[in-house]
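Novice: no sequence for this one, just the structure:
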């Protein structure tokens, strides 16, 4: 029983790490008043770039950093469309969710001899207790991934920045009342650009987690809805870093259950287990979306001079 519990904990944190990075990206963007439903596409491009860089360089950390950069570049398109040209932010996000997987597949065919998936990487991101020698299976099962620690650290840092710093106050002001912030000399455009770019970088890190830590190669189904689950975590967590983190842990636990139960002696069809994380997402949205209140100006383009 102890071995099963420690294994469940380890898998929960492993699967929650990509969701946490994606959800924190959503919190960052939406706190500044820009809806970003393109997290799925940003995670997808980050997953491919991270894998490709790691495969050709042999360095998973370089791949992880480049995954974040790729997500940030895709987010730049969203910032230009939604902030500069004041386009519909939902439509822009949907476009990114099409561009991300499509461009990733195009690059995959280019760099991997026409294949729709990359070759497996030789080096993955390290684990926290990877060098500990012990005969205890329970301790071995509790071998946490480094990305789980990085995701938790990012959640703490983002909470501190948003609620304990002057810049965080400005971000929240831009998301709640940009006209008032503008009247005080705060650049709404600069704040929103910065937050959208950070959102893409975090989402890219999430995609990198998936292919550099969980799946050792890029496939067209590597992300498969993780970005949308991260968005659900943003809503469930009421647009706060700690709330989003807790929601991602819950969704990661649901994914861990599918792994543990699928490999056990329980007579549960694999199709039902595979549906569990998505069913939980729908249930959470039904129960909590009506109670969650987004930032007041979330999704509304700002016209300078309006009140």
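Specialist: Sure thing, it's come through. Remember, it's a predicted structure, so these values are computed and weren't measured experimentally. Numbers count the residues shown, from 1 in each chain.
Novice: Now do the single longest helix found in the chain, average pLDDT.
Specialist: Assignment by DSSP state H gives helix 2-31 as the longest helix of the chain. Averaging pLDDT along helix 2-31 yields 92.
Novice: Go through that helix and flag the buried ones.
Specialist: When neighbours are counted by 16 or more other C-beta atoms under 10 Å, the buried residues of helix 2-31 are found to be 6-8, 10-31. C-betas here are computed from N, CA, C, even on glycine.
Novice: Next: stretch 186-200.
Specialist: Across stretch 186-200, burial judged by 16+ other C-beta under 10 Å covers 186, 188, 191-200.
Novice: Can you get me a residue count around the closest residue to residue 257 other than its chain neighbours?
Specialist: Of all residues not flanking residue 257 in the chain, residue 276 sits nearest, at 6.3 Å (C-beta to C-beta, 6 or more residues apart in numbering). Counted with other C-beta atoms under 10 Å, the neighbours of residue 276 add up to 17.
Novice: Confirm for me that residue 276 is in contact with residue 256.
Specialist: No. Applying C-beta atoms under 8 Å, one finds residue 276 not in contact with residue 256, separated by 10.0 Å.
Novice: any idea of the pLDDT on the residue nearest to residue 257?
Specialist: If you check residue 276, the pLDDT there is 80.
Novice: what is the orientation angle of the helix or strand it falls within with helix 2-31?
Specialist: In the assignment (DSSP states H and E), residue 276 maps to helix 270-288. Per axes from the mean of the first three to the mean of the last three C-alpha atoms, to 10 degrees, the angle that helix 270-288 makes with helix 2-31 is 50 degrees.
Novice: what comes up buried for helix 270-288?
Specialist: Using 16+ other C-beta under 10 Å as the test for burial, helix 270-288 gives 273, 276-278, 280-281, 284.
Novice: So which elements touch it?
Specialist: For helix 270-288, the elements it packs on are helix 226-236, helix 241-262, judged by 3 or more C-beta pairs under 8 Å, 6 or more residues apart in numbering; DSSP states H and E.
Novice: distance between stretch 215-225 and the chain's centre?
Specialist: Relative to the centre of its chain, stretch 215-225 is centred 14 Å away, using C-alpha atoms, centre = their mean, to the nearest Å.
Novice: Next: stretch 276-294.
Specialist: With C-alpha atoms, centre = their mean, you get 17 Å for stretch 276-294.
Novice: One more: stretch 191-198?
Specialist: 16 Å.
Novice: And residue 272, how far from residue 257?
Specialist: 11 Å (C-beta to C-beta, to the nearest Å).
Novice: Next, the buried residues of the helix or strand containing residue 101.
Specialist: Element membership for residue 101, per DSSP H and E: helix 89-111. For helix 89-111, the neighbour count (16+ other C-beta under 10 Å) marks 89, 92-93, 95-97, 99-101, 103-105, 107-108, 111 as buried.
Novice: Same check on stretch 69-83?
Specialist: Using 16+ other C-beta under 10 Å as the test for burial, stretch 69-83 gives 69-75, 77-79, 81-83.
Novice: Same list, those residues, but as a markdown table with distance to residue 293 and pLDDT please.
Specialist: Formatted as a markdown table, these follow (distance: C-beta to C-beta, whole Å; pLDDT from 0 to 100):
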| residue | distance to residue 293 | pLDDT |
| --- | --- | --- |
| 69 | 33 | 98 |
| 70 | 33 | 98 |
| 71 | 27 | 98 |
| 72 | 28 | 98 |
| 73 | 32 | 97 |
| 74 | 29 | 97 |
| 75 | 25 | 98 |
| 77 | 29 | 97 |
| 78 | 23 | 97 |
| 79 | 24 | 97 |
| 81 | 26 | 96 |
| 82 | 21 | 95 |
| 83 | 23 | 96 |
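Novice: so which helix or strand takes in residue 208?
Specialist: In this assignment (DSSP H and E), residue 208 forms part of helix 188-209.
Novice: relative to helix 2-31, how tilted is that helix?
Specialist: 160 degrees.
Novice: relative orientation of the helix holding residue 276 and helix 241-262 in degrees?
Specialist: If you take the same axes, to 10 degrees, helix 270-288 sits at 160 degrees to helix 241-262.
Novice: So which residues make contact with helix 270-288?
Specialist: Helix 270-288 is contacted from outside by 225, 228-229, 232, 235-236, 247, 250-251, 254-255, 257-258, 261-262, using C-beta atoms under 8 Å, 6 or more residues apart in numbering.
Novice: That concludes my questions; thank you for your assistance.
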